[in-house]
Structures are given as C-alpha cells and as structure tokens.
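K.L.:
one predicted model, sequence on top.
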Amino acid sequence: MIEVPCPMCGQSDVVRLSSRGQYNDPANVVLCQHDGFVYLSPRMDASGYADYYARSYEGEYRVEQGDAAIRPVYGLVVDRLAPHMPDIPGTALSVGAGLGSILQLLKERQPDLACSAIEPTPGAQRHLRDVKGFDVIAGDIESEWDVGREGHYDVVIMRHVLEHLLDITSALDRIRTTLSDEGVAYIAVPDMMHPNGSLRHYWYRTPHVSYFSAHTLRHFLARSGLEVMDMVEEGHEVWCVVRKGPHETLDVPAGLARDQKSVIRKHVRRTTLPHAITRVRWAIGRRLGRG
C-alpha cells in the first residue's frame, strides 16, 4: 500500500473518512482539506490493482445482464450522447467497456460503426471479442494504446471508469489525443456530493480510487484540454459530454472542502439507522433460515 498526495493539488493535508468499504474490503478514504477532493490513500500500486482486476473484480462486481436490463441503463447513455455526436460517426471506443453494452446499442443505430474497447478483466475481454466481435485494443487505459491512434475516434465512452484510474490526468490526456476534430466523449462518475446508500458498506469501494463532484471533475477536464458541452448532476452521478478544447486551470470554489464535509456528515446521519435496521433484519433472517 502506498500513500498518495491529493491528485488535484499535490498536498497531503487530509481528513480520514474510512478504512473499509463494500464487502469489508480495504478502502482508505480521505478528504483533502485544501480542495475537497476525496480519494484513497494509502492504496495499492498499479501492479496490485492489475492483480486485483485479474483475480477479484469480476467475482465481486461484474453482473451478466440481459437485453431487458441493458436498454434502460445503457440506452440512456446513447440518448445523452446523440445530440452531440457527429452526423455519421465512423469509430467508437469504450474505455472500461465491460460486456460492451453501450457499443452494442451505438452499433444498432449506426451499423457501420467500427467499435473498439479497452477492458482490464479477462472474462469481459473474451466476451467483447468472441460474442460481440469488438476489437479489444488494450487492457489498461494507462498503457500506450493511444500511440498511432491520434485523432482516430469520433465517440469515446467512459461510463463509471474515471473513478477507477490511478492517474486521472494521464487518462484524460489520452482521450483528448485520440478524439477526432469533431469527436465527443461521454464521461460519467458517481457524484460525491450526492452519495447513495451506506458510505461504509456500499459507496466506498476498493476499486474506486477517486470520488468526484461536478466541480472537481470540471477541474480535471479543463487541465487536460477537454471542453464541457453538457454536464448534469442527476441522481447519484455526474455525467458530461466533452470535446477538444484549450488546456486551462479551473479552480474549485474556496469552500468546497467545507461543503463536501457537510454533505458527508448529513448523509451519515440520514443513513446510519436505516442501514443498521437492514443489517439486523438480514442477520435475523439468516439465523431463522438456519434454524
């Protein structure tokens, strides 16, 4: 496990929020008191996470979904993208593609679309290649997959991926590099300003190394030269559509750390008792079932 300074400001003045997350896995969650960014520190290094995705991630988080489940969730992504896409996109890349559901729905709309994927987990890679017929160009977004693909993609999708990545800026730089001049990228992340469920038992997770708000996401996008065309806080996520733009420095509001702490305190007060009741009912039901 390695200590990590704040990815936004480089400082290490943090408040510790949790040492465990979902499934009681290690999740050393901290909040930067300078800018309010929430992230994991200490955490596994790159090799540790590579091993985790190869051995553990699919068993804990990957769920096989049929068509009825795919369309309400991933069709919404396509609907959000549609107003911003080039008229006839020729190429699409899904980063953290999973089982390729979004690419599948895009290709239904545009049958000639050439679909590529980046996906770290072995089972999903096989599904993408053998079942969906998509080109898996890399297992790791932080590899040099972008070399030779400058300006290549008309559509890039990163749905609930950025929170998994150890180097946010490097990943976004690669996205910008590979976007075509008219290309757009869809990015969605869980919203730390609107968390869902128990923080300790659901929201905080070993694979989620960063926890964004709309303000902190805008900061990273501007740093990497991605211009926001549309950004929405909806439910428990922030989603946006971006295109190539100038590299800028976008500061977060001065009181963001205070506001983020307030959100966390209120959420814990609101969810602690209901979650405790749920766990007691589960324990009683399990005991009765054994009896």
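P.N.:
Received the coordinates, thanks.
K.L.:
CA only for contacts and neighbour counts going forward, please
P.N.:
Noted.
K.L.:
tell me where this structure has helices.
P.N.:
Along the chain, counting by DSSP state H, helices occupy 46-52, 58-61, 67-81, 101-109, 122-126, 168-178, 214-223, 256-290.
K.L.:
now render those as TSV, adding mean pLDDT, mean neighbour count and distance to I141.
P.N.:
Listed next are these as TSV, based on pLDDT from 0 to 100; neighbours: other CA atoms under 10 Å; distance: least, CA to CA, whole Å:
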stretch	mean pLDDT	mean neighbour count	distance to I141
helix 46-52	90	14	12
helix 58-61	69	11	18
helix 67-81	81	14	21
helix 101-109	94	18	17
helix 122-126	89	18	14
helix 168-178	96	20	7
helix 214-223	97	21	16
helix 256-290	76	13	29
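K.L.:
M44 and R159: what is the separation?
P.N.:
Using CA to CA, to the nearest Å, M44 is found at 23 Å from R159.
K.L.:
when the two are compared, which one has more neighbours?
P.N.:
The residue with more neighbours, out of M44 and R159, is R159; 23 against 19, by other CA atoms under 10 Å.
K.L.:
what sits against V263?
P.N.:
Contacts for V263 (CA atoms under 8 Å, 6 or more residues apart in numbering) come out as M193, H194.
K.L.:
can you tell me how far it sits from Q110?
P.N.:
From V263 over to Q110 the distance is 42 Å, taken as CA to CA.
K.L.:
quick one, longest strand in the chain?
P.N.:
Looking across the chain with DSSP state E, the single longest strand is strand 179-190.
K.L.:
ok, it: who's next to it in the sheet?
P.N.:
The strands that strand 179-190 pairs with in its sheet are strand 153-159 (parallel), strand 237-244 (antiparallel) (by DSSP bridges).
K.L.:
and the shortest one, which residues are buried?
P.N.:
Spelled out, that is strand 153-159. Neighbour counts using 16 or more other CA atoms under 10 Å place Y153, D154, V155, V156, I157, M158, R159 of strand 153-159 among the buried residues.
K.L.:
how about the nearest residue to the second one, chain neighbours excluded?
P.N.:
Nearest in space to D154, with sequence neighbours left out and distances taken as CA to CA, 6 or more residues apart in numbering, is G183 at 4.1 Å.
K.L.:
S12 reaches V30, doesn't it?
P.N.:
No. S12 is beyond contact range of V30, at 9.7 Å (criterion: CA atoms under 8 Å).
K.L.:
looking at these two, which is more packed in?
P.N.:
V30 (24 against 17).
K.L.:
the more buried one contacts D13, doesn't it?
P.N.:
No. With contact taken as CA under 8 Å, V30 and D13 are classed as non-touching, separated by 9.5 Å.
K.L.:
and A222, how far is that from V232?
P.N.:
For A222 relative to V232 (CA to CA), the value is 16 Å.
K.L.:
before we move on, what about W239?
P.N.:
6 Å.
K.L.:
higher neighbour count, those two?
P.N.:
W239 (24 against 12).
K.L.:
tell me if I'm right that that one and V228 touch.
P.N.:
No. Under the criterion of CA under 8 Å, W239 is not in contact with V228, lying 10.4 Å apart.
K.L.:
report how many residues lie close to the residue nearest to D154.
P.N.:
Neighbours of G183 (other CA under 10 Å): 23.
K.L.:
please name the residues that touch it.
P.N.:
Here G183 is in contact with M85, P86, Y153, D154, V155, V156, R243, K244 (criterion: CA under 8 Å, 6+ apart).
K.L.:
roughly how far apart are it and M229?
P.N.:
12 Å.
K.L.:
give me the common contacts of those two.
P.N.:
R243.
K.L.:
returning to what we had before: what is the nearest of the buried residues of strand 153-159 to L128?
P.N.:
Lowest distance from L128 to the buried residues of strand 153-159 (CA to CA) belongs to I157, with 15.1 Å.
K.L.:
how about the closest one, what does it touch?
P.N.:
For I157, the contact set (CA under 8 Å, 6+ apart) comprises A92, L93, S94, V95, A185, Y186, I187.
K.L.:
and the pLDDT for it?
P.N.:
Listed pLDDT for I157 reads 97.
K.L.:
what sits opposite it in the beta ladder?
P.N.:
S94, Y186.
K.L.:
mind listing the strands for the stretch 1-150 of the chain?
P.N.:
14-20, 26-32, 38-40, 91-95, 114-118, 135-138 (DSSP state E, counting those that start in this stretch).
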